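Undergrad: no sequence for this one, just the structure:
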């Protein structure tokens, strides 16, 4: 076990895993499991709005652009490569804990988006800006905690938000068409730079166009595979539930590994509790903070319960994943096939070469939009730490683009462990703030829910 892996495991298992689940459970109980029993309410406030009117105004982002920007960072490589990695390292039971973390995380996401809008502030351009650092500094009066969050977010933006995404793009294109990884990294950095240099407005516009396209493309391909493999779906669901509590010992898996990788990858795919996507929602042109919280619930549902479930079922129904063989390799210290290559092979069992191309293109779009979204999060945190300034922003953008090139040629396992470590460090101050700000969040949510029911 590497030093990075030991550090990440020591942070996540069991302390941070429990804190994520506890925070989601706490808000679920305090709101009467609104994510389940208030389903019609938050669907009307989100999906229903997509078919009525579009928000108008100057500065900041529309609510749909804010959602698209948030989804741009959440529906990333974790939705494909992350799910495949979780299954390999934690067994099929990891998918169950991914669902649990998402179900509880829906209310965590709701709370942090609500608080982000409540404590946001006007930027120099007249638009809204904010995030966990603002509700830590203003709501709690803890600027030190806010500074810790910002430093960790900067690390996370360069690790999980950059290195992981760039690595997945390069490995997917290399596996699909033999593209040199360094060349892929350079082209990706140039394309990303063209977007992020336009600021949050251009990021929102690009995300609003790309996110629906990439999600529909991937889901359509996944549904075709699952239609062909429909007879294997019940067995896959049984393996998921059984693996969550009673993994077969000879396979080399444990219930602890299922929880560890399921929750960690679930958090990576929806970011509920990390606080990152709250920065995108804080820029939305919305008056009522609770209304933006509803979009936080939808974000988690789409990113994990929909997209990640399709990925997991495709892998488990196509026969490319062999639990006994994979478990034996892990027990012997060998590295089995995981990540994007495993997902691509699963899709290709039904779609042939088109399946490999589908995963490569989906990963390209998913990872690219994640890069764009995370660049904004890192930039916002740097701006808060330094009090703004164009020079610091330019240096950060250049460093971010250079990290894309470096990540494209890095080693997959080390990159994921680094992402886990920074994500965990970033989540600790945010989850602490969410628990301490429970009264303020409920004061905003309860009247709005009562009025809409």
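TA: Noted; the coordinates are in hand. Quantities reported herein were computed from a predicted structural model and do not represent experimental measurements. Numbering: from 1, shown residues only.
Undergrad: and residue 63, what pLDDT?
TA: Per-residue pLDDT puts residue 63 at 69.
Undergrad: who's in contact with stretch 359-366?
TA: Stretch 359-366 is contacted by residues 75-77, 79-81, 168-169, 172-173, 175-177, 210, 213-214, 217-218, 221, 340, 343-344, 347 when judged by Cβ atoms under 8 Å, 6 or more residues apart in numbering. For the C-beta atoms, the positions are set from N, CA and C on the backbone; glycine is no exception.
Undergrad: name the helix or strand of this structure that has the lowest mean pLDDT.
TA: One helix or strand of the chain scores below all others by mean pLDDT, DSSP states H and E: helix 63-74, with a mean of 68.
Undergrad: tell me how far residue 224 lies from residue 87.
TA: Using Cβ to Cβ, to the nearest Å, residue 224 is found at 21 Å from residue 87.
Undergrad: who's more crowded, those two?
TA: residue 87 (31 against 17; other Cβ atoms under 10 Å).
Undergrad: got the contact list for that one?
TA: Contacts for residue 87 were tallied using Cβ under 8 Å, 6+ apart; they are 94-95, 312, 315-316, 321.
Undergrad: that older thread, which helix or strand lies directly C-terminal to the least confident helix or strand of the chain?
TA: helix 81-90 (DSSP states H and E).
Undergrad: what separates that next one from the chain centre, distance-wise?
TA: 14 Å (Cα atoms, centre = their mean, to the nearest Å).
Undergrad: what is the mean pLDDT for that helix?
TA: Here the average pLDDT along helix 81-90 is 84.
Undergrad: after that helix comes which helix or strand?
TA: Going down the chain from helix 81-90, the next helix or strand is helix 93-118, by DSSP H and E.
Undergrad: what about that next one, average pLDDT?
TA: Helix 93-118 comes out at a mean pLDDT of 94.
Undergrad: how about the strands in the stretch 101-250 of the chain?
TA: With strands called from DSSP state E, counting those that start in this stretch, the stretch 101-250 of the chain shows them at 121-122, 128-129.
Undergrad: neighbouring contacts of the first one?
TA: Outside of strand 121-122, the residues that reach it under the criterion Cβ under 8 Å, 6+ apart are 128-130, 134.
Undergrad: could I get the residues you listed as JSON lines with distance to residue 189 and pLDDT?
TA: Shown next, in JSON lines, are these (distance: Cβ to Cβ, whole Å; pLDDT from 0 to 100):
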{"residue": "128", "distance to residue 189": "29", "pLDDT": "87"}
{"residue": "129", "distance to residue 189": "25", "pLDDT": "90"}
{"residue": "130", "distance to residue 189": "28", "pLDDT": "92"}
{"residue": "134", "distance to residue 189": "30", "pLDDT": "96"}
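Undergrad: among the residues you listed, which ones are buried?
TA: 128-130, 134 (16 or more other Cβ atoms under 10 Å).
Undergrad: returning to what we had before: make TSV from the contacts of strand 121-122 and add distance to residue 379 to it.
TA: Converted to TSV, these look like this (distance: Cβ to Cβ, whole Å):
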residue	distance to residue 379
128	15
129	10
130	14
134	15
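Undergrad: list just the nearest of those residues to residue 12.
TA: Residue 12 has its nearest neighbour among the contacts of strand 121-122 in residue 134, at 26.7 Å by Cβ to Cβ.
Undergrad: could the strands of the stretch 101-250 of the chain go into a markdown table alongside distance to residue 392?
TA: Shown next, in a markdown table, are those (distance: least, Cβ to Cβ, whole Å):
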| stretch | distance to residue 392 |
| --- | --- |
| strand 121-122 | 18 |
| strand 128-129 | 15 |
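Undergrad: so which of those is nearest residue 195?
TA: Nearest of those (Cβ to Cβ): strand 128-129, 18.3 Å.
Undergrad: quick one: strands adjacent to that closest one?
TA: Sheet pairing of strand 128-129 (DSSP bridges) gives strand 121-122 (antiparallel).
Undergrad: which parts of the strand or helix carrying residue 327 are buried?
TA: Using DSSP H and E, residue 327 maps to helix 323-331. Within helix 323-331, the residues that count as buried by 16+ other Cβ under 10 Å are 323, 326-327, 329-330.
Undergrad: now swap in stretch 191-208 and tell me
TA: So for stretch 191-208, counting by 16+ other Cβ under 10 Å, buried means 192-193, 195-196, 200, 203-208.
Undergrad: inside helices: which ones of these?
TA: Counting by DSSP state H, those place 192-193, 195-196, 200, 203-208 in helices.
Undergrad: looking at those residues, which gets the smallest pLDDT?
TA: Of all these, residue 200 has the smallest pLDDT value, namely 66.
Undergrad: quick one on the thing from earlier: list the helices and strands the helix holding residue 327 packs on?
TA: helix 81-90 (3 or more Cβ pairs under 8 Å, 6 or more residues apart in numbering; DSSP states H and E).
Undergrad: would you turn the ones in helices among the buried residues of stretch 191-208 into CSV with distance to residue 120?
TA: Shown next, in CSV, are those (distance: Cβ to Cβ, whole Å):
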residue, distance to residue 120
192, 26
193, 27
195, 23
196, 21
200, 13
203, 17
204, 16
205, 21
206, 22
207, 19
208, 20
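Undergrad: max pairwise distance over those: which two?
TA: The two members of those with the most space between them (Cβ to Cβ) are 193 and 208, at 19.7 Å.
Undergrad: picking up where we left off before, closest to residue 145 among the ones in helices among the buried residues of stretch 191-208?
TA: The closest of those to residue 145 turns out to be residue 200 (Cβ to Cβ; 24.5 Å).
Undergrad: mind naming the longest helix for this protein?
TA: When the chain is parsed with DSSP H, its longest helix is helix 353-386.
Undergrad: following the chain onward from that helix, which element is next?
TA: helix 390-408.
Undergrad: list the buried residues of that next one.
TA: Buried residues in helix 390-408 (16+ other Cβ under 10 Å): 393, 396-397, 400-401, 403-408.
Undergrad: TSV for the residues you listed, including distance to residue 297 and pLDDT?
TA: Below are the buried residues of helix 390-408 laid out as TSV (distance: Cβ to Cβ, whole Å; pLDDT from 0 to 100):
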residue	distance to residue 297	pLDDT
393	32	84
396	31	91
397	32	92
400	30	94
401	33	93
403	32	92
404	31	93
405	37	92
406	36	89
407	31	87
408	34	89
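Undergrad: low-confidence ranges, the stretch 101-250 of the chain, go.
TA: 200, 247-250 (pLDDT under 70).
Undergrad: where along the stretch 151-300 of the chain do the helices fall?
TA: For the stretch 151-300 of the chain, applying DSSP state H, counting those that start in this stretch gives helices covering 164-177, 181-196, 199-228, 233-245, 255-270, 278-282, 289-300.
Undergrad: distance to residue 113 for the ones you listed - can I get that in CSV?
TA: Shown next, in CSV, are these (distance: least, Cβ to Cβ, whole Å):
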stretch, distance to residue 113
helix 164-177, 23
helix 181-196, 23
helix 199-228, 16
helix 233-245, 29
helix 255-270, 12
helix 278-282, 4
helix 289-300, 4
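Undergrad: could you say which of those is packed most deeply?
TA: Greatest average neighbour count among those goes to helix 278-282 (a mean of 31), per mean count of other Cβ atoms under 10 Å.
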